[in-house]
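I'd like to go over a predicted model; first the sequence, then the structure.
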Protein chains: 4
Amino acid sequence: MKRSTLSKAKTLTHISEIRVRFVETDPLGIVWHGNYIQYFEDGREAFGREHGIGYLDQKDHNFSTPIVTSSTSHKLPLRYGDVAKVETTYIDCEAAKIIFRYKIYNPEGKLACTGETVQVFVELGGELSLTIPDFIVEWKKKVGLINA
Amino acid sequence: MKRSTLSKAKTLTHISEIRVRFVETDPLGIVWHGNYIQYFEDGREAFGREHGIGYLDQKDHNFSTPIVTSSTSHKLPLRYGDVAKVETTYIDCEAAKIIFRYKIYNPEGKLACTGETVQVFVELGGELSLTIPDFIVEWKKKVGLINA
Amino acid sequence: MKRSTLSKAKTLTHISEIRVRFVETDPLGIVWHGNYIQYFEDGREAFGREHGIGYLDQKDHNFSTPIVTSSTSHKLPLRYGDVAKVETTYIDCEAAKIIFRYKIYNPEGKLACTGETVQVFVELGGELSLTIPDFIVEWKKKVGLINA
Amino acid sequence: MKRSTLSKAKTLTHISEIRVRFVETDPLGIVWHGNYIQYFEDGREAFGREHGIGYLDQKDHNFSTPIVTSSTSHKLPLRYGDVAKVETTYIDCEAAKIIFRYKIYNPEGKLACTGETVQVFVELGGELSLTIPDFIVEWKKKVGLINA
C-alpha cells in the first residue's frame, strides 16, 4: 500500500472504549499481546454498529469479509482495569478491500498500540469478489467516502 | 444424579495430556480458572477421537450435543509449562444425556481439578431429542457400555 | 451449602451488561459454553467496582481470592451481538468464603444461564485464611450485610 | 528490516504441530484470525523448549522479552480438527531484538498463514536493554548462530 495514495485517502473514524479484563493479563501483569487483535475487532465492531456496516449487515448481503493481513505495534503496556480508548479508522481505497487502522490509547491518553487490518469480500458460498460489492459502494456514498 | 445409581454405572475412560500455555496463566502466575473448562473440552475431544464419538461424528448423524450443566472444583493450581494429565470418564446413563467426569492431575500426579459436564442431544435444525439417538445406542453397544 | 441457611442469607445484587463478541461464538452460531465463566467474572468485576471489593481492593489488603468451585446451568443460547444482562448476587455466609450467584438474561429478558462461584481467601505469599479477613468484615458492615 | 540483510542472516528452524480446537473456530466454521497469534506463540514456545531459550530460561536470567511488533498474512483457512504444522524460524540479527518468522501449513501441506514477531529485552524491574544480554550471546554461540 503506497503511503502517497493513502495520504489522500478519505477516512472515517469511530472511537470506542474497552476495559481490560483480568483474564486478558498475563503473569507479567500486562495485557497479553494477542489480545490487541481482539481490541481491534472490538473497535471494528463498534465502528460497524455505528455506521451500519458490521458483520450482520455484511451477512444480510451474503458477504463475509475475512481478514487477510493484520499487524500490531506495541508502544506501552495496558494493565488490569485500564479503560482504553480505541480509535478505529476506515481508510478508503479503490480496491476490493476493507482497510482499518487502529490506535489504542491508555488511560493517560498515551498511545499504547497501533495496528492495521485488511479484509477482502467473499460471497457466502466461497467466491472471492474481485470488485467492490454494490452494498459497499452504496454505503460509501451514504457516509460520504465517495460522491453520490 | 443419585450416587447410588452412578456407582453401578458402566464407564469408559480416556487419558490425554495438556500443556499449560503462557496465555492461559494470570497475573498470579497460575492458570485462570475458566481455562479448566477448555481443558475438560480438550479431554472430551481426545476421548471423542479415540472412541469415534466426537463433534464431527455427531454432526455426521445430524446431531449436536450442547452442554447444559458444568461444574469444576479446584484443588491445586497449574502453572506455565506444566504438562497435566486429563482423565475423561464417560458415565453411562439411561437418559438422553451425555455425562462426562474429569480429573486433571498436575506433573507430580496430584489432583489439581475435578469436574463434570452434562450434554443433551439436539437435532440439527433445533429440536431437543428426548430419546437417545440410534447412533449413540449403536456406539454404546460397540464400546461395551450396553449389551449388543 | 444448605438451602435453608441460604434462604435467610443476606444478599447484595449488582446488574451489569455484556455484549456478545464474534470471537465468543462457535460454529453453531452460539456462545461457546466456557465463555459464560468469563461473563460471570465480568459481572463479579462490575460488582467489585461498584461495591469497592474488586481484585485490586483485595490486593491492596494483601489477599487474593481464588475460585475453588464453579457451576453453570445453560437454559437458552446467546448469539453474536446480543446485549445480555448479568445479575451478580453476593450471598453472605459465616465461613471464610465468598459466594456469588449469577443470572444472565438474553435481550428478550429470558433466563439464558445461571451459575455460582465460591472463592476462598489466600494471603499473598500463599497461606489459606481460615477466618474472614478484617477488611472483608469491615466491608460487610459498610454495605449492610452484617451489623456494624 | 532490509531483505538484503536478512537473506544473509543465519536462521534456526523448529517444526511443531497444533490441533485446531472447537473453541478456536468461529461461526463461519474456520479459525478466528486472532488465534494465529496464539499458534505463533505455540511455535515459539516449542522452539524455546527445544533450544533452551523459552520464557522460563529468560526469566532465570532476569529478562522478559515482550513483543513489540507482530504481523500475520492469511492464505487459507484452518478448520476444526485440522492438525497443522507450525514452522518457527529464528532470524539472527545484530540488534538487541529477537525476530521470529512463522509458516503454518494445513493438513494437505499448503501454506495457510505466515507471520513475524519482533521482541525486545527488558530486565525484570523494567529497563529496556539496548544491548544483547550475555545469556543470549552465549546461546547464539551454543546453537551456532554466531562464532564461538
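Yep, it's here. Residues are numbered from 1 along each chain as shown, chains lettered A, B, ... in the order given.

going by C-alpha atoms from here, please, whenever you check contacts or count neighbours.
Fine.

so which elements touch the strand or helix carrying residue A:12?
In this structure, residue A:12 sits in strand A:11-19 according to DSSP states H and E. The helices and strands touching strand A:11-19, judged by 3 or more C-alpha pairs under 8 Å, 6 or more residues apart in numbering or on different chains; DSSP states H and E, are helix A:35-51, strand A:83-91.

point out the most buried one among the ones you listed.
Comparing those by mean neighbour count (mean count of other C-alpha atoms under 10 Å in any protein chain shown), strand A:83-91 ranks first with a mean of 22.

after that strand, next one along is what?
strand A:97-105.

list the strands paired with that next one, with their directions.
As defined by DSSP bridges, the strand partners of strand A:97-105 come to strand A:83-91 (antiparallel), strand A:111-120 (antiparallel).

residue A:23 is nearest to which of those strands?
strand A:83-91 (14.8 Å; C-alpha to C-alpha).

pLDDT on the helix or strand where residue A:142 lies, on average?
Secondary-structure element containing residue A:142, defined by DSSP H and E: helix A:134-143. Throughout helix A:134-143, pLDDT has a mean value of 95.

for stretch A:21-35, same thing?
94.

could you dump that stretch to CSV, C-alpha only?
Extracted in CSV, the C-alpha atoms of stretch A:21-35 (Å, rounded to 0.1, in the frame of the first residue of the first chain):
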residue,chain,number,x,y,z
ARG,A,21,-10.3,-7.8,31.9
PHE,A,22,-8.3,-9.9,34.5
VAL,A,23,-8.2,-12.8,32.0
GLU,A,24,-6.6,-10.6,29.4
THR,A,25,-3.5,-10.0,31.5
ASP,A,26,-0.5,-12.3,31.8
PRO,A,27,1.9,-13.3,34.6
LEU,A,28,3.8,-10.1,33.9
GLY,A,29,0.7,-8.2,34.9
ILE,A,30,0.1,-6.7,31.4
VAL,A,31,-2.2,-7.4,28.6
TRP,A,32,-1.1,-10.4,26.5
HIS,A,33,-0.1,-9.1,23.1
GLY,A,34,-2.5,-11.3,21.2
ASN,A,35,-5.5,-9.6,22.9
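
quick check: closest non-adjacent residue to the residue in chain A sticking out farthest from the centre.
In chain A, residue A:27 marks the outermost C-alpha relative to the chain mean, sitting 28.0 Å out by C-alpha atoms, centre = their mean. Distances taken as C-alpha to C-alpha, 6 or more residues apart in numbering or on different chains put residue B:27 closest to residue A:27, at 4.0 Å, once the chain neighbours are dropped.

tell me the contacts of that neighbour?
Neighbour list for residue B:27: A:22, A:25-30 [criterion: C-alpha atoms under 8 Å, 6 or more residues apart in numbering or on different chains].

let's see it at 10 Å
A:22-31, A:80 (C-alpha atoms under 10 Å, 6 or more residues apart in numbering or on different chains).

any idea which element it lies in?
Applying DSSP H and E, one finds residue B:27 in no helix or strand.

please identify the buried residues of the helix holding residue A:142?
Neighbour counts over helix A:134-143 (16 or more other C-alpha atoms under 10 Å in any protein chain shown) mark A:136, A:139 as buried.

try stretch A:48-66
Using 16+ other C-alpha under 10 Å as the test for burial, stretch A:48-66 gives A:48, A:53-56, A:58, A:63-66.

how many residues are close by residue A:97?
Look at residue A:97: counted by other C-alpha atoms under 10 Å in any protein chain shown, it has 20 neighbours.

cool, thanks, signing off.
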